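*Asks:* structure for this input, please:
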Amino acid sequence: MKITAFNSSPRKNGNTHLLLQETVKGIEESGFTVNTFNLNLMNIKACQDCGGCNETGVCILEDDMNLVYDAIRTSDRIILASPIFFFSVSAQAKLMIDRCQSFWCEKYLLEKPVKGGKAGRKGLLMLVGGMKKDIGIQCAEACAKAFYRTISVPEHSTLSYLDIDAKGDILHHPSALKEAYSAGKKLIAID
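*Replies:* Numbering: from 1, shown residues only. You can find the predicted model right below:
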């Protein structure tokens, strides 16, 4: 089973990263490897809405998204971990998601969706936000749902935590790390 994780936090060793680490730990202790992309360190240009992928399903921009495209296309499990900024996923996550327009074209215009392997395709969305109202989670989840649907991940679960703002706050949450670890184990279970 191929598993890919996207850490979209700009904060090194921040709450999103710590939460994702626990999920990865749960997966790797089960004997699987997780290919983790730190989107903040990657060269990913913004989608130009140029229509270059309309007829081919292939983005015409050349950058680190080529690595991401291959990982998405060949993965059975896809994890997206993001802080919540202004009621949405981080800019790093949004850049990557917007560039998946080529998958949208491939799926809906060319009628060639990404196919799943024997283990199927599942996702896990992990959100951490400093606010106390869940509107940020709702908005970020809507964006992530469109992303997962576009890349042919028919189901995903969500872990979300609010009122986690200062670096390291997630370590003081009574259940977050344990839930993240369990979510990793659950993600790789084959029904």
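*Asks:* for the protein, what's the longest helix?
*Replies:* helix 135-150 (DSSP state H).
*Asks:* any chance you could list what contacts that helix?
*Replies:* If you take Cβ atoms under 8 Å, 6 or more residues apart in numbering as the criterion, helix 135-150 is touched by 78, 80, 82, 84, 87-89, 94, 97, 100, 103-104, 107, 123, 125, 127, 129, 154, 156, 158, 160, 162. Every residue, glycine included, has its C-beta placed from N, CA and C.
*Asks:* the residues you listed in helices, which ones?
*Replies:* 94, 97, 103-104.
*Asks:* for the residue lying closest to Leu124 once chain neighbours are set aside, what are its contacts?
*Replies:* Nearest non-adjacent residue to Leu124, counting by Cβ to Cβ, 6 or more residues apart in numbering: Ile79, 4.6 Å away. Taking Cβ under 8 Å, 6+ apart, we find Ile79 in contact with 3-6, 20, 23, 34, 123-126, 187.
*Asks:* still on that earlier bit, CSV for the ones in helices among the contacts of helix 135-150, including distance to Tyr148?
*Replies:* Output for these, formatted as CSV (distance: Cβ to Cβ, whole Å):
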residue, distance to Tyr148
Lys94, 14
Ile97, 10
Phe103, 11
Trp104, 12
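*Asks:* of the residues you listed, select the buried ones using a ChimeraX command.
*Replies:* The buried residues among the ones in helices among the contacts of helix 135-150 can be selected in ChimeraX (16 or more other Cβ atoms under 10 Å) with this line:
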select :94,97,103,104
